[in-house]
Each structure stands twice: as structure tokens, then as C-alpha cells.
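Peer 1: below is the structure, and that's it, no one-letter string:
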């Protein structure tokens, strides 16, 4: 052995130890055949800003270059995109200085990618005695922007969210993160929720029992639902009716039951409980979690959580009441926001609209509910790949093409929400 940790199965260590105790006459010799003074430069890590992006948007490929036992010098990293017919198209080179134990990082921005899938690779142009880590592969999915249905009682209530989901620069460039459609609750009877990636209920006064059932089916099949509670109908004519949100059909969808909607005195602020969650991770990397916590919250709904609820953000009051709550249903997710995102006084809307962290938060929430931020297309060789089955168009058979060109057929169990692919023993693009 070369004593590499990856060569050992630690799960059997205790059994081995017990056996050696039981059989004291057995001798074990560990022979180290590793290189005492290795010389190597390799690409040890590749990260994409996102593994699923919208058509025409940009992507950054970030790579870590490691070095051990080599003299300081310059190496060149080349990025190539792989066309549909398998040709490698050089798309950029970057020089890096490495030496001794000192590595480096490189970044390659890529613009105007077209889908549905783009394969690529990073390669060190100079060879060394260990060629296996001189190249790393990556895959990114390119799809149309997620379709978001924003349901609000009035255009005025919708205004603040609309401007965050489609900013002015996007309108000018005609390149959008989301394809936004605004409707009022009276139109919901004619809406097919499966046409959208995310449905946003923005202070919607009440919903009929059939609509709640349709939303449950939509989320179960992989859709995302955002519920922004907003104003109380007892105080505002177009506010929500807590009775409608607490009946049985609603409880199959929502992560909590509504109680009261008191004021904060003094105003409260937001406290992110889990910055590693996909909704908050990018914001945390940008140093924006503290900035998000600067927004004044003046009023909220007090709620009773269901067992399936997961609290992501709380308020800064002594009870640490929930601000953002998540619930998973089938293949989809529901996120409920216990205050408002409009101009009716529940939050400091002027501060919120100009708070860059809040804009990023809304973006990441929509990306998460659409499934884009958690899409995974890059694995280590040997890892099991879990593929979510499309509930609308059932998949029964598939074909895996390995990097070597070998093709393996597979079947999907009837009604299975997902299936796994285990034949991932080769390096390269599948």
C-alpha cells in the first residue's frame, strides 16, 4: 500500500482488530510502496458556480491546482468544451505559477452556453509522472429560465417582488433569470400549475379547496411553492384570511398553522439559522447574511409548526419566532415566509428594496424551489448517481453511455420517484 486513506475500508477496522486479538499467532506486515519524494502537479478540484443554468447565462469554472515536490515554475491550464459530436474545442488558457508545496487557483468565465447539456474538461498541458490528475471533467445543464407564476391580490402588492425577480438590466438586455407571469387569484381556476417551475402566493387572501389540492399535486410532482403571508385580511381588505390557510386542504401543503399577526415592538430583524442551506449558502459566501439581517421587520404572523417543518430563518426577538419555514412534499418543496414583501408596512420596504442581500435571497429562494440550485451533474468516479424520475412523463428505460463509448441499458421501476446508476467506474463525461 502507499498508505492512502482512500485505499482503506475503515468500516471493517474493528472486525480486523477483533480477529487479530482472537488469533494472536497471525502476523500482519504493512509494506509501504509509496513514493518517499513525490513530484506531481495536478488538478485536484473543479467547482462550477452552478451545475444548472439558464440559456444564454454565464458560468464560472473554478479549479484548484496542487503541487508537491516540484521546482517553482509556470504551468498552463486549458479549458475545452466538448461538442455534440465529441470534438474538443479549446476555449481558454491560463498560466499558473506553482512550486514546492504551493498550489494555485484558476477561474474560467464562459458566456452564452447553449443547451441542453454542455460537457467540458480542464487539462494541464505539461505532462508529469502522474497523468491521472492532469485532467478533470465537468458537465453543466442548460435550460430555459424557470417559469415563475406570481399570484398577488393587486398589482401594487406584486410590484416589489416583480422588480426583484426581473430587474431593469434584465429587461434592457432581454436576458432573464426567471420567466415571470403575474396573475390575480381570480384567474387561478384557469391556470395549469404544472406549466411552471415555481408558484408564488403573495398575500393571496384565500384559496378554494380544489386549488389547495392542485397545489399539493404540483409540489408532490417536483414543483416549488413559495407562500408569502403578508397582511391580515381582518386589517387590510386584500389581506389573507387565516381561516382559509388553516383548514384541512391547506394543512396538506403548508408547513404550519396560522395563529395571530401582532406587531414587533421594537422592530425585529432576521437571523439565518443555517447558512449552509442552499437558500442561504451563496449569500453566506458573498458575506451577505449579516446584511440581510439589517432589514427592519415590523409585523409578522405567529405560527404553530407541523412536524414536517424545517425553520431556516428566525426573527431576532426573544422567542426566535420562525421567519422562513420549509416543508418537503414528494419531489418538491414549500417555503413559507411569515411576513410580507410589499409596501403595506409589515417590513421596511424602502430598505428591503435597496438591500442587495435581500435581492440575492429572493433569487436563491426561487432557484432552490425550482430545483436549479441543487441540481448535481458532477460526481467522483465510483459514486452512485441518483436521478429523479419525471412524474409527468414516466421514464421506463434509459441508456448510459460511458466515456469509453460502452452503452448500458437500464430500466426504471414503475412509479419510482428516482432511480440510481452505479456503473460509474470510468473517468470522463457520461
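Peer 2: The structure has been received and is ready for your questions. Computed from a prediction, not measured in an experiment: that's the story for all the values here.

Peer 1: ok, which stretches of the stretch 301-430 of the chain are helices?
Peer 2: 349-354, 356-370 (DSSP state H, counting those that start in this stretch).

Peer 1: helices or strands up against the last one?
Peer 2: Okay, so that is helix 356-370. helix 155-165, strand 198-202, strand 224-228, helix 278-285, helix 289-292, strand 332-337 (3 or more C-beta pairs under 8 Å, 6 or more residues apart in numbering; DSSP states H and E). To be clear about C-beta, it is placed using only N, CA and C from the backbone, and glycine gets the same treatment.

Peer 1: how about the ones you listed, which one is nearest residue 89?
Peer 2: Among the helices and strands packed on helix 356-370, helix 278-285 comes nearest to residue 89, with 29.3 Å by C-beta to C-beta.

Peer 1: what sits up against the closest one?
Peer 2: Outside helix 278-285, the residues within contact range by C-beta atoms under 8 Å, 6 or more residues apart in numbering are 272, 274-276, 289, 292, 312-313, 324, 335, 357, 360-361, 364-365, 368, 373-374.

Peer 1: how big is the angle separating that helix from helix 356-370?
Peer 2: Calculated by axes from the mean of the first three to the mean of the last three C-alpha atoms, to 10 degrees, helix 278-285 forms an angle of 150 degrees with helix 356-370.

Peer 1: buried stuff in helix 278-285?
Peer 2: For helix 278-285, a neighbour-count test (16 or more other C-beta atoms under 10 Å) marks 279, 280, 281, 282, 283, 284 as buried.

Peer 1: tell me how far that helix lies from the chain's centre.
Peer 2: The chain centre lies 9 Å from the centre of helix 278-285; the measure is C-alpha atoms, centre = their mean, to the nearest Å.

Peer 1: and if you look at stretch 356-363?
Peer 2: Using C-alpha atoms, centre = their mean, the offset of stretch 356-363 from its chain centre is 15 Å.

Peer 1: just stretch 86-106 next, same as before
Peer 2: 27 Å.

Peer 1: could I get the buried residue list for that stretch?
Peer 2: For stretch 86-106, by 16+ other C-beta under 10 Å, it's 94, 96, 98, 99, 103, 104, 106.

Peer 1: out of these, what pair is the most spread apart?
Peer 2: Farthest pair in the buried residues of stretch 86-106, by C-beta to C-beta: 94 and 99, 16.7 Å.

Peer 1: what's the burial count for residue 350?
Peer 2: Other residues lying near residue 350 total 10 when counted by other C-beta atoms under 10 Å.

Peer 1: what's near enough to touch it?
Peer 2: Taking C-beta under 8 Å, 6+ apart as the definition, residue 350 has no contacts.

Peer 1: and residue 238, by the same measure?
Peer 2: Contacts of residue 238 (C-beta under 8 Å, 6+ apart): 153, 154, 157, 203, 205, 231.

Peer 1: buried among those residues? Make that a PyMOL selection.
Peer 2: Here is the PyMOL command that selects only those of the contacts of residue 238 that count as buried (16+ other C-beta under 10 Å):
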select buried, resi 153+157+203+205+231
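
Peer 1: put together JSON lines for the contacts of residue 238, with distance to residue 112 and pLDDT on each row.
Peer 2: Listed next are the contacts of residue 238 as JSON lines, based on distance: C-beta to C-beta, whole Å; pLDDT from 0 to 100:
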{"residue": "153", "distance to residue 112": "39", "pLDDT": "92"}
{"residue": "154", "distance to residue 112": "38", "pLDDT": "92"}
{"residue": "157", "distance to residue 112": "36", "pLDDT": "92"}
{"residue": "203", "distance to residue 112": "38", "pLDDT": "93"}
{"residue": "205", "distance to residue 112": "43", "pLDDT": "92"}
{"residue": "231", "distance to residue 112": "42", "pLDDT": "84"}
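
Peer 1: which residues of the stretch 251-400 of the chain score low on pLDDT?
Peer 2: 389-393 (pLDDT under 70).

Peer 1: now do 50
Peer 2: Along the stretch 251-400 of the chain, no part satisfies pLDDT under 50.

Peer 1: ok, and for stretch 138-146, which residues are buried?
Peer 2: Here stretch 138-146 shows 138, 139, 140, 141, 142, 143, 145, 146 as buried, counting by 16+ other C-beta under 10 Å.

Peer 1: now it: average pLDDT?
Peer 2: For stretch 138-146, mean pLDDT is 92.

Peer 1: tell me how far it lies from the chain's centre.
Peer 2: 13 Å.
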